[in-house]
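J.: My questions are about this predicted structure, shown below with the sequence.
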Amino acid sequence: MEVLLSTIATTTGSSSALLATTFRRGGGRLLLRPRLGSTPRRAALKARASAEPLEVCAKASVTVPGRLGDCPFTQRVLLTIEEKHLPYDIKLVDLTDKPDWFLKISPEGKVPIVKFEEQWVADSDVITQAIEEKYPEPSLATPPEKASIGSKIFSTFIGFLKSKDPSDGTEQALLSELTSFNSYLEDNGPFINGETISSADLSLGPKLYHMEIALGHFKNWSVPDSLPHVQNYMKTIFGVDSFVKTQALQEDVIAGWRPKVMG
């Protein structure tokens with residue numbers, strides 16, 4: 001994979017207002033995937049990889065300068081771009097001191113935000129759908145009847161993480177959602193859409209990554225051995241090449257959740 005690192009010296013106001021390092025990625029894995037199909041299809045994907053990169057604004061690490069931050073929704077977008085073999089530039093923004101240029105394109109000051117044909121688009125749901133429609137191959141579409149599988153895990157994880165009462169039922173609520181997901185994977189896995197990874201996995205994977213790190217750190221809790229299919233699913237997703245490339249540092253995940261746990 002070609003990786004080009006360059007520092008962007010665009011600032012408005014305080015020079016510390018922007019931490020924006022651009023990573024250009026594109027198509028390096030194509031030669032390693034003979035299953036992509038016909039030669040014309042491979043040629044089309046290579047041509048796409050050399051096209052103008054998508055611009056992505058993302059949270060910067062708060063622990064290591066120049067590293068990607070801990071937003072699971074941004075990782076979802078980056079996973080989608082990676083799995084579509086699209087080139088992209090990441091602009092890492094210090095969200096504790098948001099620069100004026102960023103607030104002009106993202107008035108709410110939120111990430112991720114991606115530029116499509118001169119228009120900045122927010123919200124990971126909207127962004128990933130736009131990418132799927134514009135670049136349908138390889139398909140990451142999840143059948144509608146499977147799109148909500150595991151969708152309640154994240155909210156129940158947050159409830160348990162923030163809980164200070166061991167008997168309030170939040171742990172059981174999380175275990176209930178994980179047990180349901182375990183049963184689904186047992187009958188339908190290894191991925192949500194069967195044998196192939198899909199958009200649902202790219203959405204859920206980063207959330208499970210945060211769950212594993214945050215609950216392990218703040219509550220000394222992990223997915224129980226009685227849920228082996230969930231454990232295997234997490235191990236598989238976390239080991240995917242695109243996931244490893246786009247994951248946040250554990251220290252950033254912990255730092256990101258600390259205010260919610262301590263508040």
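T.: Great, that's in hand. Numbers count the residues shown, from 1 in each chain.
J.: Could you use CA atoms for every contact and neighbour count after this?
T.: Will do.
J.: Name the residues of stretch 233-245 that are buried.
T.: For stretch 233-245, the neighbour count (16 or more other Cα atoms under 10 Å) marks Tyr233, Met234, Ile237, Phe238, Ser242, Phe243 as buried.
J.: Tell me which stretches of this protein form strands.
T.: 4-7, 21-25, 54-59, 88-93, 113-116, 119-122 (DSSP state E).
J.: where does the residue lying farthest from the centre of the chain fall, phi/psi-wise?
T.: Each residue of the chain has a distance to the centre, and by Cα atoms, centre = their mean the biggest one is for Ser167: 32.0 Å. Note on Ser167: its backbone torsions stand at phi -110, psi 20 [degrees, to the nearest 10].
J.: Next one: it from Ala173, what distance?
T.: Ser167 sits 11 Å away from Ala173, going by Cα to Cα, to the nearest Å.
J.: next one: Ala58
T.: Ala58 is 31 Å from Ala173, by Cα to Cα.
J.: who has more neighbours, these two?
T.: Using other Cα atoms under 10 Å, the more surrounded residue of Ala58 and Ala173 is Ala58, with 27 against 18.
J.: what bits of the stretch 1-150 of the chain have low per-residue confidence?
T.: 1-50 (pLDDT under 70).
J.: can you give me the helices in it?
T.: Ranges of helices in the stretch 1-150 of the chain, per DSSP state H, counting those that start in this stretch, are 39-49, 72-83, 100-105, 124-134.
J.: can you list contacts of the longest one?
T.: So that's helix 72-83. The contact list for helix 72-83 (Cα atoms under 8 Å, 6 or more residues apart in numbering) reads 26, 58-59, 87-88, 111-112, 124, 127-128, 131, 138, 140, 199, 202-203, 206-207, 210, 242-243, 246-247.
J.: Gly109 touches Phe102, doesn't it?
T.: Yes: using Cα atoms under 8 Å, Gly109 makes contact with Phe102 at a distance of 7.2 Å.
J.: Neighbour count for these two, which is higher?
T.: Phe102 (22 against 16).
J.: so what's the more buried one up against?
T.: Contacts of Phe102 (Cα under 8 Å, 6+ apart): Val93, Gly109.
J.: what's the answer for the one 3 residues further on, then?
T.: Shown here is Ile105, whose contacts under the criterion Cα under 8 Å, 6+ apart are Trp120.
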